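Novice: what shape does this take:
(3 chains)
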Amino acid sequence: MNFWLVKSEPDAYSYDKLEAEGRGMWDGVRNYAARNNLRAMKEGDQVLFYHSNIGMEVVGICQVAKEHYPDPTAESGDWSVVEVIPVRRIKRPITLKEIKATPELANIALIKQSRLSVMPLTAEEFEKILKMSK
DNA sequence: GCCAACGTTGGC
DNA sequence: GCCAACGTTGGC
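Specialist: Numbers count the residues shown, from 1 in each chain, chains lettered A, B, ... in the order given. The predicted model follows:
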């Protein structure tokens, strides 16, 4: 199993909305690095959901429910989506500030490549964030 | 609201 | 194929 972190501006698509809908299509990715990460996702992979701009914190966990297929919202180009289902909110949101202050998390792309919207996490990084939320 | 980072576009 | 200009993202 692999671990990921996805970012969304809650104004555009929030964890609340994913929970309300029960299932979400992760569309609109128009960045090759992010798209390639989407394509590497396998069903059952665990995905942290991060709110950018507003909140700037990890709020919950979701899971890949359907592997990548062509993005129906793309007018042209070779883009992909995956489908995700919510797993649970984490007990306490973990802010970007806390992530930055945690040495074990210093290498995640959230910090180094702030514009990447879909990024891999190691199992250790994933577990660390969950531990911090307790 | 500003600006740094960085990806993309287009002229040469 | 290089690189300057430009647009977008996202933190502050």
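Novice: pull the residues that contact stretch A:92-111.
Specialist: The contact list for stretch A:92-111 (Cβ atoms under 8 Å, 6 or more residues apart in numbering) reads A:5, A:7, A:50, A:55-59, A:116, A:119-121, A:124-125, A:128-129, A:132-134. C-betas here are computed from N, CA, C, even on glycine.
Novice: can you select the buried ones from the residues you listed in PyMOL?
Specialist: Buried subset of the contacts of stretch A:92-111, written as a PyMOL selection, criterion 16 or more other Cβ atoms under 10 Å:
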select buried, chain A and resi 5+7+50+55+57+58+59+116+119+120+121+125+128+129+132+133
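Novice: in which helix or strand would I find residue A:77?
Specialist: Using DSSP states H and E, residue A:77 sits within no helix or strand.
Novice: still on that earlier bit, also near DNA strand C: which of the contacts of stretch A:92-111, exactly?
Specialist: The residues of these that also fall near DNA strand C, by Cβ under 7 Å from any atom of the strand, are A:7, A:56, A:116.
Novice: tally of neighbours for residue A:54?
Specialist: When neighbours are defined as other Cβ atoms under 10 Å, residue A:54 has 11 of them.
Novice: can you pull the pLDDT of it?
Specialist: At residue A:54, the model reports a pLDDT of 93.
Novice: run through the residues that contact the nearest residue to it once chain neighbours are set aside.
Specialist: Of all residues not flanking residue A:54 in the chain, residue A:10 sits nearest, at 5.0 Å (Cβ to Cβ, 6 or more residues apart in numbering). Counting by Cβ under 8 Å, 6+ apart, residue A:10 makes contact with A:16, A:51, A:53-55.
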